[in-house]
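Colleague: Below are the sequence and a predicted model for it; my questions follow.
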Amino acid sequence: MTHGPAPTEYKDIFVFLAAAGVLVPLFNRLKVSPVLGFLAAGVLLGPDGLGRLAGTFEWVDILTISDRSQIAVLAELGVVFLMFTIGLELSWERLKSMRRLVFGMGMAQILVCAALLGVLFYLMGRGVGGALVLGFALALSSTAVVMPVMAERGRLSTTAGRSTFSVLLAQDLAVAPILIMVAVLGSGVGDDGLSPAAIGQAVASLLPSVVGVGLLVVLGRVGLRPMFRSVARAKNTEMFLATCLFVVLGTVFLAQFTGLSPAVGALVAGLLIAETEFRREVEVTIEPFKGLLLGVFFVSVGVGLDLDAVAVAPVTIFSIAALLILIKAVAIFGVARAFKVPPGAALETALVLGPAGEFAFVILNEAIGYGVVGRDFAQGVLLSATLSLFAVPILAALAPRIDRRIRPKIEISDTPNPDLEDGPQDTTAVIIVGYGRVGQLIGELLREHDIGYLAVDADPSLVSKARLDGMPVWYGDAGRPDLLEKLGLGHAKAVIVTMDAPGKVDEVCRAVRHLRSDVVLVARARDEKHAARLYKLGVTDAVPETTEASLQLAENALVDLGVPMGMVLASIHQKREDFRKIFQASMPEGNKRPTRALRGRLGTPQR
């Protein structure tokens with residue numbers, strides 16, 4: 001009788017989860033970057049850390065990660081999920097507007113850094129082909145490390161963040177051509193140079209990748225929106241989560257099948273979903289998976305650090321790592337300034353992109369297999385590349401300080417450079433929760449006064465119809481604080497809750513007040529009791545349906561009876577204020593807000 005797999009088969013996953021739950025929070029309390037925490041946890045729990053004591057103390061073996069391959073697949077998925085979420089933050093139009101930075105500055109960075117590093121390795125005695133491959137491999141930086149570090153520091157929306165992302169995107173797109181170059185150098189270089197057969201083979205090898213991108217785009221445009229719409233109608237969170245995971249993993253499979261990098265395939269899938277109304281809900285659904293799987297990636301990098309090899313030639317290995325960072329940083333700074341990136345942002349971009357990236361491992365392992373680069377030398381270079389990854393969080397923190405020392409009289413500015421704009425800036429002033437009859441009327445009035453807004457609703461059919469009409473409406477559950485953050489609650493001036501379900505209105509109001517106590521919050525109430533409850537939750541204004549209907553009836557009747565309109569409006573206004581004071585009676589005194597709080601809070605109309 002079988003009893004399933006042995007417990008030891010899950011040991012490495014268990015150790016990782018323990019590190020995520022114990023060691024990383026400890027690093028956070030010490031104000032150390034979570035990325036460094038995961039990297040350090042990998043070194044500590046790896047074969048060269050506590051693993052050294054496993055032979056002496058058997059119980060130590062339970063606390064260490066002995067087989068990196070067990071978490072390798074999860075680590076690769078971490079990078080895939082990261083690229084997918086990056087794609088969600090973009091769109092085809094926004095990517096098109098970034099083409100100067102991606103295909104200009106990004107490609108220039110790769111070529112300049114590859115040339116400088118290639119010359120360095122040629123002077124170190126490598127052949128032309130080997131030096132070329134080493135240069136291109138190390139010219140790439142780590143998307144998986146740099147992007148979370150920039151996000152953690154709140155730098156993604158700055159000029160430095162945009163220029164950094166543009167370069168990283170160009171690097172990810174360049175991986176496939178570089179791998180093809182490795183194959184050509186490995187199979188087609190002889191006494192007569194490149195053979196025609198090798199060149200033809202290289203060109204032919206591009207066709208599956210082109211077909212793969214085409215398939216992803218066609219299938220995405222045709223199938224993604226109907227699939228998510230069908231799942232959303234079921235109103236089942238688990239099914240929506242399963243669909244998100246299916247899209248990500250299905251993209252990886254299709255990308256690998258056609259010869260594409262899984263990361264590029266995931267980016268394309270994210271771009272396609274970004275054009276749909278389900279973008280924000282997908283983001284918050286897969287966010288926990290992305291964070292956890294990226295943690296696995298960082299731990300796997302730490303586990304892979306061979307401390308014995310470092311101990312054999314520490315000066316050489318650390319010197320190569322430092323020289324790599326220095327050469328790349330200087331080159332990237334020069335390229336960034338040539339593309340009119342401000343000095344402070346150019347310095348930050350150069351420092352965080354100076355270390356090597358995870359694709360160096362993929363490219364150099366391929367080069368070793370083809371015999372383009374010697375195994376021993378490549379392993380030493382990869383060890384230096386791994387060490388350089390540990391420097392990313394430190395360099396990101398040092399960049400502003402270095403800039404202030406160099407230019408003490410000039411403040412570091414995050415004001416967007418017109419040449420670096422990556423799309424229209426967000427002008428959302430109001431978030432409308434619920435886009436039914438009431439929400440649509442509010443949106444129409446906001447448009448008449450040139451006040452920017454977006455709406456969110458949990459009815460996929462209603463959302464799809466509104467988007468066909470060109471309205472800025474997203475699908476999602478506004479009771480989730482993480483979704484409200486994605487919708488831009490942090491910089492919104494007002495939230496208007498129009499739903500007719502009292503329990504859901506209460507949930508949304510709690511979520512809004514949990515995130516922001518200062519935003520104007522106007523909510524629809526079922527009746528007087530519900531209005532009083534909403535005021536206790538901290539709303540600025542509660543509008544009870546029954547009371548407003550009564551006041552409207554009274555207003556019409558008084559006008560029809562011949563009472564002057566001015567007197568009618570004054571009495572209705574006074575009565576509304578009397579009701580409001582009654583509803584607020586049970587609120588703590590400090591929470592009461594002045595009447596007509598919404599007036600004047602939305603700023604000057606944008607004309």
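Modeller: Okay, I see it.
Colleague: quick check, residue 522 in a strand?
Modeller: Yes. Counting by DSSP: H, G, I helix; E, B strand; the rest coil, residue 522 is part of a strand.
Colleague: That one pairs with what?
Modeller: On the basis of DSSP bridges, residue 522 is bridged to residue 496, residue 541.
Colleague: Name all residues that make contact with the closest residue to residue 264 other than its chain neighbours.
Modeller: In this structure, residue 264 finds its nearest non-sequential neighbour in residue 172, 5.8 Å apart by Cβ to Cβ, 6 or more residues apart in numbering. Yep, even glycine has a C-beta here, placed from its N, CA and C like the rest. By Cβ atoms under 8 Å, 6 or more residues apart in numbering, residue 172 lies in contact with 83, 143, 261, 263, 264, 267, 359.
Colleague: so how far is residue 106 from residue 172?
Modeller: 9 Å (Cβ to Cβ, to the nearest Å).
Colleague: which residues are in contact with both of those two?
Modeller: Residues touching both residue 172 and residue 106 (Cβ under 8 Å, 6+ apart): none.
Colleague: one step back: ok, and the residue nearest to residue 264, which helix or strand is that part of?
Modeller: Element membership for residue 172 (DSSP states H and E) is helix 159-188.
Colleague: mean confidence for that helix?
Modeller: Mean pLDDT, helix 159-188: 79.
Colleague: List the residues that contact residue 474.
Modeller: Residue 474 neighbours (Cβ under 8 Å, 6+ apart): 277, 278, 279, 280, 281, 454, 455, 456, 457, 463, 487.
Colleague: wait, is the fourth one part of a helix?
Modeller: The reference is to residue 280. Yes. Using three-state DSSP, the secondary structure at residue 280 is a helix.
Colleague: Contacts only, for it.
Modeller: When the contact criterion is Cβ under 8 Å, 6+ apart, the partners of residue 280 are 456, 474, 475, 476, 483, 486, 487.
Colleague: same thing but at 6 Å, please
Modeller: By Cβ atoms under 6 Å, 6 or more residues apart in numbering, the contact set of residue 280 is 474, 476, 483, 486.
Colleague: wait, residue 129 sits on residue 372?
Modeller: Yes. Look at residue 129 against residue 372 with Cβ atoms under 6 Å: they come within range, at 5.3 Å.
Colleague: Touching both of the two, which residues are there?
Modeller: Contact criterion Cβ under 6 Å, 6+ apart; residues shared by residue 129 and residue 372: residue 185.
Colleague: More neighbours: which of these two?
Modeller: Between residue 129 and residue 372, counting by other Cβ atoms under 10 Å, residue 372 is the more crowded of the two (27 against 19).
Colleague: Can you report phi and psi for that one?
Modeller: Residue 372 adopts backbone torsions of phi -80, psi -30, taken as degrees, to the nearest 10.
Colleague: In contact with it, which residues?
Modeller: So residue 372 contacts 129, 130, 133, 185, 186 (Cβ under 6 Å, 6+ apart).
Colleague: repeat that for 8 Å
Modeller: 129, 130, 133, 182, 185, 186.
Colleague: Spell out for me the ChimeraX command that would select the buried members of those residues.
Modeller: Buried residues within those, by 16 or more other Cβ atoms under 10 Å, are selected in ChimeraX with:
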select :129,130,133,182,185,186
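Colleague: Any chance of CSV for the contacts of residue 372, columns distance to residue 73?
Modeller: Below are the contacts of residue 372 laid out as CSV (distance: Cβ to Cβ, whole Å):
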residue, distance to residue 73
129, 31
130, 30
133, 26
182, 23
185, 29
186, 26
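Colleague: What degree of burial does the residue nearest to residue 481 when sequence neighbours are not counted show, as a neighbour count?
Modeller: Excluding its sequence neighbours, the residue lying closest to residue 481 (Cβ to Cβ, 6+ apart) is residue 511, at 4.8 Å. Residues near residue 511, counting by other Cβ under 10 Å, number 22.
Colleague: What pLDDT is listed against residue 511?
Modeller: Residue 511 is given a pLDDT of 93.
Colleague: can you pull the contacts of it?
Modeller: By Cβ under 8 Å, 6+ apart, the neighbours of residue 511 are 478, 479, 480, 481, 484.
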